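> prediction below, plus the sequence it came from.
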Amino acid sequence: MRSADVATPFALAAGLVAATYAYFLLFAQFAFLELAAAVAPDRVPLLLAAQGGLGIAGSLAAGRHSSDRALRLVGIGLGLGGLAALLAGQAGSVGLLAVSAAATGFGVGLATVALAAELRRLAGPRLGQAIGLGTGLGYALCSFPAVFEAGARAQSLVAAALAAAGAGIALVPLRRGTGAPPPPAGPPPVRTALGWMLGFAALVTLDSAAFYIIQHSAEMKAAAWSGAARQHAVAGVHLAAALAAGRMLDAGRIRLVSAAALGMLVLACLLLARPAGWHSLLYAAGVSLYSTALVFVPARAVRPGFAALFYITCGWLASGLGLALAQGRAHVPGALVASLAALAALGLAVTR
């Protein structure tokens, strides 16, 4: 077997992860919120609820299909998301924003669950490394000054282009000469599955709440992200941490990666109010570590139904809870950090 035949599916896997993560971060978490707040600030909670509700619907729809249709569903989901980003960039009414929110949610839900069912077949024994590379590239791209500092409409266009590229990767037939993949691991035991879902749900809730508070506090935002040098450093840390996480995950160190992410996020949240911006590097490392594992756990199982349940719990519901807990807060309360850290630690402790 030629090396190009092996490299192509690995690159496909990494590219799809990068496109999906970058689209979600840049548009769903950045640009869409800014556009919605500019057009109808009082309707933002309803728009986010529509996005989350359709995200759950998209996840359930993908979870009911067999893995042999996974790439097609990924392409459809990313294509729908790209159209939603284009629509939102031109939207001047609540109605158009609602359509964009629904299409974004359904497209992301469809793509993430279907992608989890396909990654192991593409990447084989290098599953963690492919996910780490894709995750790191996605986060790094969103952290570069030219992208991070762009306006919401420009970010929407970039997100639409990324989604279109991902859809093209998924839908255009390419060689996949990797041979037979390792046998599926199958869904984890019930106790372990519940532990992973509790642990990652707590991590996502903490991250969502902290990020929202940072973005809505001029002082904390300046301390964390301001300056091209710091943004480049954050991008580099994202990539390095995700690559390291991928290697550790392939070595079976899932709990170590998750525990390290938890420690970094907790410490970063406790230091957010300080003027020095080095804690943003700690925060970036923790986010990349758990984000890589967040894809690895359902992808390793190769079960669309489990992936749907996992992402509904740890993605849509947890991020929505984090945004709700962050409303009206000027800082991340220590009690909130401690309680979510305890839940995450409990979830990790019961896993096998």
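Yep, it's here. Quick caveat, the model's predicted, so the values are computed rather than measured. Residues are numbered from 1 along each chain as shown.

> please count neighbours and contacts with C-alpha atoms only from this point.
OK.

> where in the chain is pLDDT low?
Within the chain, the segments meeting pLDDT under 70 span 1-7, 66-68, 173-188, 273-277.

> which residues of the stretch 1-150 of the chain fall in strands?
For the stretch 1-150 of the chain, applying DSSP state E, counting those that start in this stretch gives no strands.

> try the stretch 201-350 of the chain
Going by DSSP E, counting those that start in this stretch, the stretch 201-350 of the chain shows no strands.

> which residue is nearest the middle of this protein?
Tyr21 (5.0 Å; C-alpha atoms, centre = their mean).

> ok, it to Gly334 distance?
29 Å (C-alpha to C-alpha, to the nearest Å).

> equivalent analysis for Gly236, please.
Look at Gly236 and Gly334: by C-alpha to C-alpha, they are 29 Å apart.

> counting neighbours, go ahead and name the busier of the two.
Counted by other C-alpha atoms under 10 Å, Gly236 and Gly334 do not tie: Gly236 has more neighbours, with 22 against 11.

> need the contact list for that one.
By C-alpha atoms under 8 Å, 6 or more residues apart in numbering, the residues touching Gly236 are Ala140.

> ok, back up a step: in space, what's closest to the residue nearest to the centre of the chain - neighbours in sequence excluded?
Among residues not flanking Tyr21 along the chain, Gly138 sits closest, at 5.5 Å (C-alpha to C-alpha, 6 or more residues apart in numbering).

> do the same with Leu48
Per C-alpha to C-alpha, 6+ apart, closest to Leu48 is Ala101, 7.1 Å.

> wait, that neighbour touches Pro45, no?
No. At 11.2 Å, Ala101 does not count as touching Pro45 under the criterion of C-alpha atoms under 8 Å.

> which one of the two has more residues nearby?
Relative neighbour count places Ala101 above the other of Ala101 and Pro45, with 31 against 16, counting by other C-alpha under 10 Å.

> sorry, back to before: wait, what's in contact with the residue nearest to the centre of the chain?
Residues near Tyr21 by C-alpha under 8 Å, 6+ apart: 135, 138-139.

> could you do Leu206 as well?
322, 337, 340.

> as CSV, those with distance to Leu127 and neighbour count would be great.
As requested, these are exported to CSV (distance: C-alpha to C-alpha, whole Å; neighbours: other C-alpha atoms under 10 Å):
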residue, distance to Leu127, neighbour count
Gly322, 29, 22
Val337, 31, 22
Leu340, 29, 21
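
> among the residues you listed, name the ones in helices.
Applying DSSP state H to the contacts of Leu206, the entries found in helices are 322, 337, 340.

> please name the nearest non-neighbouring residue to the last one.
So the one you mean is Leu340. That would be Ala202: by C-alpha to C-alpha, 6+ apart, it lies 5.4 Å from Leu340.

> my read is that that neighbour contacts Ala318, right?
Yes. Between Ala202 and Ala318 there is a contact at 7.1 Å, judged by C-alpha under 8 Å.

> what sits up against stretch 128-139?
10-11, 13-22, 25, 123, 235, 238-250, 288, 291-292, 295-296.

> contacting residues around the closest residue to Phe24 other than its chain neighbours?
Excluding the flanking residues, the one nearest Phe24 by C-alpha to C-alpha, 6+ apart is Val108, at 7.4 Å. Applying C-alpha under 8 Å, 6+ apart, we find Val108 in contact with 20, 24, 55, 58, 77-78, 81.

> which one of the residues you listed has the most neighbours?
So for the contacts of Val108 (other C-alpha under 10 Å), the most neighbours sit at Gly81, 35 neighbours.

> now that residue: how far from Tyr139?
Counting by C-alpha to C-alpha, the gap from Gly81 to Tyr139 is 18 Å.

> now Leu206
For Leu206, the distance to Tyr139 equals 18 Å [C-alpha to C-alpha].

> same thing with Leu157?
To Tyr139, Leu157 is 17 Å away according to C-alpha to C-alpha.

> neighbour count: those two, which is higher?
Ranked by neighbour count (other C-alpha under 10 Å), Leu157 and Tyr139 place Tyr139 first, with 27 against 21.

> Val266 and Ala335 touch, don't they?
No. Contact criterion C-alpha under 8 Å: Val266 and Ala335 do not qualify, at 11.3 Å.

> please say which of those two ends up with more neighbours.
With neighbours defined as other C-alpha under 10 Å, Val266 and Ala335 compare such that Val266 has more, 22 against 9.

> for Leu83, what are its contacts?
Taking C-alpha under 8 Å, 6+ apart as the test, what Leu83 contacts is Ala160.

> report the separation between it and Ala111.
Look at Leu83 and Ala111: by C-alpha to C-alpha, they are 14 Å apart.

> what's the answer for Tyr311, then?
Distance, Tyr311 to Ala111, using C-alpha to C-alpha: 11 Å.

> which helix is the longest one in this protein?
helix 94-123.

> same question for that helix: list its buried residues.
94, 97-123 (16 or more other C-alpha atoms under 10 Å).

> now stretch 125-144
Using 16+ other C-alpha under 10 Å as the test for burial, stretch 125-144 gives 126-144.
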